[in-house]
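In: Let's see this in three dimensions:
(one chain, ligands or ions: 2)
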Amino acid sequence: RQSDHVRIVEVGPRDGLQNEKQTIPLNTKIELCERLVGTGLKTVEAGSFVAPKWVPQMDNSNNILEHVLQTPPSASHDVSYQWLLPNQKGLDRFLATCEAFSQSFGAMASYPTPPPSPSPTNDQGPSLNTSTQDPNAMPSSTRGLPSTSPNSSTFSFPPNTSHEISLFCAATESFSHRNTNCSIAESLSRFRPLITTAKSHGLKARAYISVALGCPFEGPDAPSPTTVADIATSLLEMGADEISVADTTGMGTAPRTEALLKALSAAGVRTEDLALHFHDTYGMALVNALVSLNHGVRVFDAAVGGLGGCPFSPGATGNVATEEMVYFMESLGLRTGVDLGEVARIGEWISGELGRDYRVGSRVGKAKLSR
Ligand code: HMG
Ligand code: MG
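Out: Ligands and ions are numbered 1, 2, ... in the order given. Down below sits the predicted model:
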């Protein structure tokens with residue numbers, strides 16, 4: 001039987017904010033990350049190290065990284081922060097900040113132990129313990145390493161925290177050029193040394209494949225599932241720890257999602273190596289999440305308040321809302337460990353900060369708050 005745990009990767013602080021035109025204060029971004037971690041979310045994509053002239057909103061991601069490198073998380077559970085980057089320059093900037101602000105192992109003893117946060121009521125049921133795969137567990141390859149391996153070349157982070165890089169490439173040439181100014185092959189060739197370097201520092205590497213279920217320039221039937229599967233196998237062969245298959249445009253349908261998952265399986269990609277990243281432009285994200293669940297996938301990306309969108313994908317709207325994802329998973333008897341009421345309060349707050357209508361961003365969140 002499949003695990004009854006689902007890990008939700010919160011991409012709101014990165015995907016959710018990157019396309020906002022107004023300047024969002026650094027303190028708001030930091031508060032967003034801290035509050036999200038306090039809901040029980042264990043993986044938060046907190047920023048990106050991309051070219052500022054392409055995505056100015058993410059320019060101060062290094063300040064967010066500085067903050068989390070120096071501050072124990074507002075939760076007693078393990079937290080992994082993800083940082084999106086496309087190239088060597090992005091990795092160099094990320095590592096320079098880690099180098100400058102990660103603590104020495106000895107200094108870590110002086111961090112106060114954060115008080116245990118109350119367990120969300122929805123995470124108290126006994127685990128069925130029917131699978132060896134627990135997507136909420138930190139992958140053994142790197143998580144927790146910095147605090148337990150003082151003699152390795154890894155950084156030392158505050159207790160219970162780890163960091164991972166998120167690389168991104170595309171499954172169509174048009175989108176690859178638009179988003180990263182290079183071909184698919186060029187972008188993949190950049191990744192191998194980035195993954196090798198990240199791992200030498202004890203960091204995990206995730207990789208996104210954008211436009212896997214429809215391309216804004218080549219249409220809803222591009223790319224072919226086998227193209228996506230070929231890219232996924234290349235990324236895994238390079239050492240990527242997790243592949244996030246992204247429906248950037250929200251064009252994905254249930255049959256297309258099923259065909260893609262079958263092609264990935266046929267190519268030897270294991271479901272435990274997969275996450276699914278749905279934008280909800282056409283309202284199909286949860287339908288496609290159900291198809292993915294039935295296929296065995298247990299990791300899903302989502303953004304609080306349904307924020308988000310890629311600046312280089314015209315017409316595409318936000319990510320599936322974290323509120324919708326948590327409510328949906330738990331309606332199926334699956335466990336997320338996330339406090340839905342608290343996520344809704346954060347969703348209402350950040351939507352207000354951005355001048356967005358929360359009733360549009362998350363119907364679940366709005367309903368939860370009005371009860
Ligand atoms: P380029 O212009 O070809 O790069 O952009 P370049 O190497 O020629 O550099 C141009 C300038 O950018 C130079 O500065 C570089 O130093 C600088 P200048 O000398 O002109 O002053 N530069 C950088 N600066 C800071 N950090 C860096 C960096 N790299 C270059 N890392 C590049 C190529 C890939 C950099 C550019 O296309 C880029 O940054 N693209 C990022 C686009 C982006 O962030 N898109 C949104 C995120 S992806 C997404 O949302 C999809 C996802 O959610 C999944 C899904 O839904 O599909 C993940
Ligand atoms: Mg996205």
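
In: What residues of the host helix or strand of residue 67 count as buried?
Out: Assessed by DSSP states H and E, residue 67 sits inside helix 61-70. Across helix 61-70, burial judged by 16 or more other C-beta atoms under 10 Å covers 61-62, 64-69. Backbone N, C-alpha and C define where each C-beta goes, glycine included.

In: what does stretch 200-214 give?
Out: Quick answer for stretch 200-214 (16+ other C-beta under 10 Å): 201-214.

In: Out of the residues you listed, list just those in strands.
Out: 204-210 (DSSP state E).

In: Tell me the one of the residues you listed nearest residue 190?
Out: Proximity of those to residue 190 (C-beta to C-beta) peaks at residue 207, which lies at 11.3 Å.

In: Let me see the contact set for the closest one.
Out: 166-169, 191, 235, 240, 242-244 (C-beta atoms under 8 Å, 6 or more residues apart in numbering).

In: Beta-bridge partners for the nearest residue to residue 48 once chain neighbours are set aside, please?
Out: Spatial nearest neighbour of residue 48, chain neighbours left out: residue 84 (3.7 Å); criterion: C-beta to C-beta, 6 or more residues apart in numbering. Beta-bridge pairing of residue 84 under DSSP bridges involves residue 48, residue 166.

In: any idea how far residue 84 is from ligand 1?
Out: 6 Å (C-beta to the nearest ligand atom, to the nearest Å).

In: picking that back up, from the buried residues of helix 61-70, which is closest to residue 7?
Out: residue 68 (19.1 Å).

In: name the element the closest residue in space to that closest one that isn't next to it in sequence belongs to?
Out: Nearest non-adjacent residue to residue 68, counting by C-beta to C-beta, 6+ apart: residue 81, 5.7 Å away. Secondary structure from DSSP H and E places residue 81 in strand 79-84.

In: who does that strand touch, helix- and strand-wise?
Out: strand 43-48, helix 61-70, strand 161-170, strand 204-210 (3 or more C-beta pairs under 8 Å, 6 or more residues apart in numbering; DSSP states H and E).

In: Show me the contact partners of it.
Out: 9, 11, 14, 33, 37, 41-50, 61, 65, 68, 73, 94, 138, 143, 160-168, 204, 206, 208.

In: Just to check, residue 74 is in contact with residue 33?
Out: No - counting by C-beta atoms under 8 Å, residue 74 does not reach residue 33; the two are 9.3 Å apart.

In: which of those two has more neighbours?
Out: For residue 74 and residue 33, the more surrounded residue by other C-beta atoms under 10 Å is residue 33, and the numbers stand at 25 against 16.

In: Having no further points to raise, I will conclude here.
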